[in-house]
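*Asks:* here are the coordinates; sequence isn't available:
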């Protein structure tokens with residue numbers, strides 16, 4: 001509170017009034033108006049000082065409560081982060097166990113595959129997925145070109161085109 005500029009100004013003013021009051025008491029009697037005025041001013045300064053001190057205390061209390069609330073929130077966040085960290089560690093352990101199991105299974109598979117290849121090589125068996133279903137037969141006649149059919153189609157198309165040409169020439173000649 002002593003760092004508060006208002007409190008410092010009031011304390012300075014109170015010290016000045018106390019000094020003036022002491023000088024006035026040396027000079028005047030207790031019931032003199034100057035002494036009464038200085039005592040009233042001193043009492044007013046004291047009340048202002050008390051009010052300012054009370055306000056400063058309330059302000060400090062409010063700041064303390066806000067800081068305490070922020071601290072509680074940060075504690076909650078830290079607890080959640082710890083929980084998340086522990087959960088991630090559990091998942092990491094599970095992942096490592098599964099990775100080791102996968103490596104073991106892979107090495108067993110590689111060993112079995114190597115053994116299978118060695119057995120096939122030593123027995124001279126060649127693995128193949130090809131099987132003969134039917135034997136191929138030699139054709140007796142060519143499948144293409146069919147000469148008689150092609151000649152008949154050519155003759156029909158030629159006659160049709162010739163007929164159309166004669167008809168059109170006859171129509172335009174008129």
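*Replies:* Cool, got the structure. The structure presented is a predicted model; accordingly, all values stated were derived computationally and were not measured.
*Asks:* top helix in this protein by residue count?
*Replies:* helix 33-123 (DSSP state H).
*Asks:* tell me the helix or strand right after that one.
*Replies:* Once the chain leaves helix 33-123, the next helix or strand it forms, by DSSP states H and E, is helix 147-173.
*Asks:* report the contact partners of residue 11.
*Replies:* residue 49 (C-beta atoms under 8 Å, 6 or more residues apart in numbering). In short, each C-beta sits where N, CA and C put it, glycine included.
*Asks:* same check on residue 6?
*Replies:* Taking C-beta under 8 Å, 6+ apart as the test, what residue 6 contacts is residue 52.
*Asks:* what's the answer for residue 21, then?
*Replies:* 35, 38, 39, 42.
*Asks:* what's the angle between the worst-scoring helix or strand of the chain on mean pLDDT and helix 33-123?
*Replies:* Lowest mean confidence among the helices and strands of the chain (mean pLDDT, DSSP states H and E): helix 5-27, at a mean of 85. For helix 5-27 against helix 33-123, the angle by axes from the mean of the first three to the mean of the last three C-alpha atoms, to 10 degrees is 160 degrees.
*Asks:* distance from helix 5-27 to the middle of the chain?
*Replies:* The chain centroid and the centroid of helix 5-27 are separated by 64 Å, computed with C-alpha atoms, centre = their mean, to the nearest Å.
*Asks:* got the phi/psi numbers for residue 29?
*Replies:* Here is the backbone geometry of residue 29 (degrees, to the nearest 10): phi -80, psi 170.
*Asks:* which residue sits closest to it, ignoring its sequence neighbours?
*Replies:* Ranked by C-beta to C-beta, 6 or more residues apart in numbering and with sequence neighbours excluded, the top spatial neighbour of residue 29 is residue 35, at 7.7 Å.
*Asks:* list the contacts of that neighbour.
*Replies:* 21, 24, 25, 28, 29.
*Asks:* how much space between it and residue 66?
*Replies:* 46 Å (C-beta to C-beta, to the nearest Å).
*Asks:* next: residue 19.
*Replies:* From residue 19 across to residue 66, the span is 40 Å (C-beta to C-beta).
*Asks:* ok, now residue 51?
*Replies:* To residue 66, residue 51 is 23 Å away according to C-beta to C-beta.
*Asks:* which intervals of the protein have sub-threshold pLDDT?
*Replies:* In the predicted model, the chain carries pLDDT under 70 at residues 1-3, 123-129, 174.
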